[in-house]
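In: From the sequence below, what's the structure:
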Amino acid sequence: MKLTDAYGEADELLSTKEIAKYLGLDPKSLANSRYTGTGVKIPYIKMGKIVRYSKFAVNKYLEENTFNHTGETKQE
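Out: The predicted model follows:
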């Protein structure tokens with residue numbers, strides 16, 4: 001079964017290093033966020049010691065955290 005988003009793009013499971021590059025972050029920032037539960041709270045998949053991020057989940061996180069001005073707040 002192939003998962004696709006609203007634009008017909010197939011989902012991918014990407015490594016911490018790949019997602020960090022995609023987001024312009026240091027991979028250690030994502031690792032620290034996973035460990036502490038603070039900062040960038042992007043859902044991830046853990047398979048044994050391997051960590052993967054769904055590109056769908058990352059893009060959803062970006063959409064939910066995109067604002068038009070600094071006074072705007074996240075809708076809960």
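
In: Helix, strand, or coil at the most centrally placed residue in the chain?
Out: By Cα atoms, centre = their mean, the chain has its centre lying nearest to Val58, at 2.9 Å. Put simply, Val58 is helix when judged by DSSP: H, G, I helix; E, B strand; the rest coil.

In: And the pLDDT for it?
Out: Val58 is assigned 93 on the pLDDT scale.

In: Repeat that for Glu64.
Out: 90.

In: Kindly report the same for Ala31.
Out: Reading off the model, Ala31 has pLDDT 95.

In: who's in contact with it?
Out: The neighbourhood of Ala31, defined by Cβ atoms under 8 Å, 6 or more residues apart in numbering, consists of Thr16. Yep, even glycine has a C-beta here, placed from its N, CA and C like the rest.

In: where does the chain dip in pLDDT?
Out: Applying pLDDT under 70 to the chain picks out residues 1-7, 74-76.

In: And the longest strand seen in it, what does it pack against?
Out: In the chain, with assignment by DSSP state E, the single longest strand is strand 50-54. Applying 3 or more Cβ pairs under 8 Å, 6 or more residues apart in numbering; DSSP states H and E, we find strand 50-54 packed against strand 13-14, helix 16-23, strand 45-47.

In: can you state the direction angle for it and helix 16-23?
Out: Between strand 50-54 and helix 16-23, the angle comes out at 30 degrees (axes from the mean of the first three to the mean of the last three Cα atoms, to 10 degrees).

In: Can you mark which positions in strand 50-54 are buried?
Out: For strand 50-54, the neighbour count (16 or more other Cβ atoms under 10 Å) marks 51-54 as buried.

In: ditto for stretch 12-27
Out: Result for stretch 12-27 [16+ other Cβ under 10 Å]: buried residues 13-14, 16, 18-20, 23.
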